[in-house]
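**Student:** Quick one: sequence and predicted model below, then my questions.
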Amino acid sequence: MSIAIPLALVLCTTASTGDLQLEETLIATIPEGIELEGEARIGPDGNEWPNVSYVYWSADGRRVAYVGMQDGGSYPVIGEEVLAGYQFVDPPVFSDDGQHVAFRVGNRKSSKQERWWVLLDGETQGAEDWIGTIQFRPGTDELCYWTQPGARIGSMGEYTGGDLVFRAGKKKGKKWDDANALIPVSFSADGSVIASPAMRKSKWYAMRFEKKGERKPKKKEGTQMITSLALSPDGKDLALCTMDPRASASGFPDLPPGMAPPAGMFGMKLIVMHGKEVYGQDQSGAGQPVFSPDSKRLAYKLLSGDKMGIAIDGKPPATASDYVHTPVWSPDSKRIAYAVTEGGMVNEFWRLGFEGDYSISGGQTHLYFHDRGGKNATEGSSYLEVRDIVWGPDDDQIAYRARTDDGWIIVCGDKQSPVFDQVGTPTFGPQGAAVYFGARTERELWWRVLEL
């Protein structure tokens, strides 16, 4: 099974409640013989990594999907239907309306060649030599992802050969020498504009794919390695996370297509570039920019020495912590919320990238947020993990999932759900009267309700 970083790192608005399941219900039971945990994997660095699969629920609470394991193989599972197995299966992604679910799957054909597909609603779509992370375009059933025609497996196990081409639904873009194809692309709020880091002739650009297709970049837009980017919700503005030319190493070895180097690798210092503004250059670095829903404000991680904080529009953080997670804006664009981990361990390579949010281990994590006065506040409880922060419809409610010593819970203010083996991203119901979420209890996959 291949490893994919979850796409739903954070949510800044509530999901549509038009067809939301409002009653608690048992959606499915894990079929006999299918497990969610397999033998640990050994990474290239020799370290042992747990082989655990997680269940994903559609936002309306009517469907579940996951990667099941059986006899050493990986199998896409939708509800209680176990589909054909593949050597590589990434976690599922749902369309916004929950009507469609897709997996990225692949098989190795020989020591030098693989074959990859998109498995959409149980049916394979085309075939490629390699594809990157898949996503649904917001509000549609169109899938978006990078492809690499002509990709082959090199002597060190890396992908070689073939240009990268972006695909959005049935439309395809131009050829690129490289792209950061294993991180999620950025969409405008209506899905009409897509952006992703890509490289051509040793320069990196923000590849933009619009209604008519891929937009031709201007030469002056080229820069050094872009590790990630943020597209404003209105689709008109960009913020780039790139190398600081004053502090970064002058050169670094080639990486496999589809993979940008991690933050801090080869002497890199990351900065955030937004128009004429440059953030982090006078500190130890900056990363993970996030636009507000109204597209007018920009929050980002700022590193000063060994401490981190969230800066907004160039204003320094009010507090410093060991590690701050990606911020989430309130729907009115006036406040942010984010998780803070004290005492955890995170690889310096990933600290300023979104990868750090899912690679940090240990420590205690709290929820931080800006109150009505714009000052930092914190909830009293601390947890082993805090994930998937969601603002409520009245801008005063915040829900998230948290891991305790006994398992996972949903938290909203002073309300907490019972403990489960796993919980999904919370969704606020009509008028914010309840929080809805998926939950696993042993082999039962439920849709649950936390009344507020």
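**Tutor:** Structure's in. What do you need? Numbering: from 1, shown residues only.
**Student:** contacting residues for the closest residue to G122 other than its chain neighbours?
**Tutor:** Residue nearest to G122 in three dimensions, not counting chain neighbours: L83, with 5.7 Å by Cβ to Cβ, 6 or more residues apart in numbering. C-beta coordinates here come from the backbone N, C-alpha and C atoms, glycine included. Taking Cβ atoms under 8 Å, 6 or more residues apart in numbering as the criterion, L83 is in contact with Y75, P76, V77, L119, G122.
**Student:** Narrow these to those that are buried.
**Tutor:** With neighbours counted using 16 or more other Cβ atoms under 10 Å, the contacts of L83 contain these buried positions: Y75, P76, V77, L119.
**Student:** with the residues you listed in mind, which one is nearest to Q431?
**Tutor:** Closest approach between the buried ones among the contacts of L83 and Q431, by Cβ to Cβ: V77, at 34.5 Å.
**Student:** Return the distance of the helix or strand where the closest one lies from the chain's centre.
**Tutor:** Element membership for V77 (DSSP states H and E) is strand 73-78. Offset of strand 73-78 from its chain centre (Cα atoms, centre = their mean, to the nearest Å): 21 Å.
**Student:** Tell me which strands the helix or strand following that strand pairs with, and in which orientation.
**Tutor:** Sequence order places strand 81-82 as the next helix or strand after strand 73-78, per DSSP H and E. Using DSSP bridges, strand 81-82 pairs in its sheet with strand 73-78 (antiparallel).
**Student:** Export only the CA atoms of the partner strand, formatted as CSV.
**Tutor:** C-alpha atoms of strand 73-78 as CSV (Å, rounded to 0.1, in the frame of the first residue of the first chain):
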residue,chain,number,x,y,z
GLY,A,73,-3.0,-7.4,-0.3
SER,A,74,-4.7,-4.0,-0.4
TYR,A,75,-8.4,-3.7,-1.4
PRO,A,76,-10.5,-0.6,-2.0
VAL,A,77,-13.7,-1.0,0.0
ILE,A,78,-16.9,1.1,-0.6
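**Student:** on that earlier part again, nearest to P426, of the buried ones among the contacts of L83?
**Tutor:** Using Cβ to Cβ, the shortest approach to P426 within the buried ones among the contacts of L83 belongs to V77, at 22.9 Å.
**Student:** A65 is in contact with the closest one, correct?
**Tutor:** Yes: V77 is within contact range of A65, at 6.4 Å (criterion: Cβ atoms under 8 Å).
**Student:** So which bits of the helix or strand bottoming out on mean pLDDT in the chain are buried?
**Tutor:** One helix or strand of the chain scores below all others by mean pLDDT, DSSP states H and E: strand 376-378, with a mean of 75. Buried residues in strand 376-378, defined by neighbour count with 16+ other Cβ under 10 Å: N376.
**Student:** Name every strand pairing with that strand and say which way it goes.
**Tutor:** strand 364-370 (antiparallel).
**Student:** Can you tell me what sits against the strand it pairs with?
**Tutor:** Residues contacting strand 364-370 (Cβ under 8 Å, 6+ apart): 319, 324, 334-344, 376-379, 381-386, 389, 398, 400, 402, 411.
**Student:** Next step: those residues restricted to strands.
**Tutor:** Using DSSP state E, the subset of the contacts of strand 364-370 located in strands is 324, 336-342, 376-378, 385-386, 389, 398, 400, 402, 411.
**Student:** where along this structure do the helices fall?
**Tutor:** Applying DSSP state H to the chain gives helices spanning 355-359.
**Student:** so where is it shaky, pLDDT-wise?
**Tutor:** In the predicted model, the chain carries pLDDT under 70 at residues 1-18, 43-45, 247-267, 373-374.
**Student:** what about the longest strand in it?
**Tutor:** Max-length strand for the chain by DSSP E is strand 101-110.
**Student:** Please state the offset of that one from the chain centre?
**Tutor:** That offset, for strand 101-110, works out to 20 Å (Cα atoms, centre = their mean).
**Student:** can you pull the buried residues of it?
**Tutor:** Buried residues in strand 101-110 (16+ other Cβ under 10 Å): V101, A102, F103, R104, V105, G106.
**Student:** if I read this right, the last one contacts E114, doesn't it?
**Tutor:** Okay, so that is G106. Yes: counting by Cβ under 8 Å, E114 is a contact partner of G106 at 5.5 Å.
**Student:** Mind listing the shared neighbours of these two?
**Tutor:** Common neighbours of G106 and E114, counting by Cβ under 8 Å, 6+ apart, are F88, W130.
**Student:** Nearest residue to Q431 in space, ignoring adjacent ones along the chain?
**Tutor:** Nearest residue to Q431, sequence neighbours excluded (Cβ to Cβ, 6+ apart): P393, at 6.9 Å.
**Student:** The one you found and E444: what is the separation?
**Tutor:** Using Cβ to Cβ, to the nearest Å, P393 is found at 30 Å from E444.
**Student:** and what of G150?
**Tutor:** Counting by Cβ to Cβ, the gap from G150 to E444 is 45 Å.
**Student:** Looking at these two, which is more packed in?
**Tutor:** More crowded of G150 and E444, by other Cβ atoms under 10 Å: E444, with 14 against 11.
**Student:** Test my guess that that one contacts L26.
**Tutor:** Yes: the pair E444 / L26 is scored as a contact, 6.0 Å apart, by Cβ under 8 Å.
**Student:** Can you tell me the number of residues neighbouring Q99?
**Tutor:** Quick note: Q99 (other Cβ under 10 Å) scores 14 neighbours.
**Student:** got a list of what it touches?
**Tutor:** Q99 sits next to D141 when contact means Cβ under 8 Å, 6+ apart.
**Student:** again, 7 Å this time
**Tutor:** Taking Cβ atoms under 7 Å, 6 or more residues apart in numbering as the definition of contact, Q99 has no neighbours.
**Student:** still on that earlier bit, list just the nearest of the buried residues of strand 101-110 to A168.
**Tutor:** Checking the buried residues of strand 101-110 against A168 with Cβ to Cβ, the nearest one is A102 at 14.0 Å.
**Student:** Tell me the bridge partners for the residue lying closest to the closest one once chain neighbours are set aside.
**Tutor:** Leaving aside its chain neighbours, A102 sits nearest to L120 (4.7 Å; criterion: Cβ to Cβ, 6+ apart). Per DSSP bridges, residues listed as beta-bridge partners of L120: A102, E123.
**Student:** now L120: how far from D141?
**Tutor:** According to Cβ to Cβ, L120 and D141 sit 8 Å apart.
**Student:** Equivalent analysis for S53, please.
**Tutor:** Taken as Cβ to Cβ, the span from S53 to D141 is 25 Å.
**Student:** So which of these two has more stuff around it?
**Tutor:** S53 (20 against 15).
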